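K.L.:
model this:
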Amino acid sequence: MKLLFIGIGKMGFPIISSWVKNKKKISIDIHIVEKNKLNINLIKKNNIKIKISKQIPDSWKGDIIFFAVKPQDFKKITQEILSKNINYKNVISIMAGIKINKIRSELNTEAGITRVMPNLAVEVNLGVNCIFHSRNTKAKTRSIIDYLFNLLGNNYEIKNEKLLDTVTAISGSGPAYFFLFLHVFESIANDLGFSKKYSRNLVFDTIEGAFKLAKKEKNIRKLISSVSSKKGTTEAALKILEKKNTGLYKLMKDSINAAKKRANNLSKII
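P.N.:
Numbering: from 1, shown residues only. Okay, here's the model as predicted:
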């Protein structure tokens, strides 16, 4: 399989590096198009032996064009593609907000198009990859794309493209919410007198144990109750965290809605 990978960025690098590491499991010829010197150096620094060009190669022919660029750069890149006599069968896009109809229109193509919303955990092969295939994406191609992303983590097929904006706000941006929670939790432990190293270990071990318990128990409320006792310390904290108009649910919902709104607005910038 020949794949033209346009852009690297934060998500592109872990995807490429993981596929290259799994070259025994897949037969894939990747050609990267990247203008940013820092991103190019990142590939070279990690000794990833792969073709890299600063411009889209003339008359490139292959199976898939993979867009890992910022949504605001998409229109300019499509103009370059249309001028280069490119021949391809399918498109994969991990751009937030840019709908299939817009991709098809800008590329002036009838090729199958697949949108994927992965997240940062693809770097450790534990990514959440939400996939939406256009109707004209052939079954064999769907199977190949699903396999490629399955190497990066867990796949979830989305039946309604509109849900991809919500996916972006939940699983796509989700690691950042979790990292922020860890950072705040750790900082508070440090503020309360623990050393930075002790704060980190205390919080991380607490999170690790809690996560394992959560994976075993379907009823999260039951777990919360098992830690909380009437008029106890946990109950005192939960009263703040679950306060109706200012608690964690309200903050998280507002934050996720803001991310979803931004994802939706990205489709209108080109």
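K.L.:
list the buried residues for the lengthiest helix in the chain?
P.N.:
If you go by DSSP state H, the chain has its longest helix at helix 196-216. For helix 196-216, burial by neighbour count (16 or more other Cβ atoms under 10 Å) applies to S199, R200, L202, V203. Every C-beta, even on glycine, is put in place using the N, C-alpha and C of the backbone.
K.L.:
do the same with stretch 149-166
P.N.:
Neighbour counts over stretch 149-166 (16+ other Cβ under 10 Å) mark F149, L151, L152, G153, N155, I158, L164, D165, T166 as buried.
K.L.:
go on, stretch 253-263?
P.N.:
For stretch 253-263, the neighbour count (16+ other Cβ under 10 Å) marks I256, A259, K260, A263 as buried.
K.L.:
got the domain boundaries for the chain?
P.N.:
The record, using automatic domain parsing to delimit domains, assigns the chain the ranges 2-161, 174-265.
K.L.:
worst average pLDDT in the ones you listed?
P.N.:
Per-stretch mean pLDDT for the domains of the chain is lowest at domain 2-161 (a mean of 91).
K.L.:
how far does it sit from the chain's center?
P.N.:
Remark: domain 2-161 is offset 12 Å from the chain centroid, using Cα atoms, centre = their mean, to the nearest Å.
K.L.:
on that earlier part again, format the buried residues of helix 196-216 as CSV; extra columns: distance to K54.
P.N.:
Output for those, formatted as CSV (distance: Cβ to Cβ, whole Å):
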residue, distance to K54
S199, 45
R200, 41
L202, 47
V203, 43
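K.L.:
report the two of those separated the most.
P.N.:
Farthest pair in the buried residues of helix 196-216 (Cβ to Cβ) is R200 and L202. Separation: 7.3 Å.
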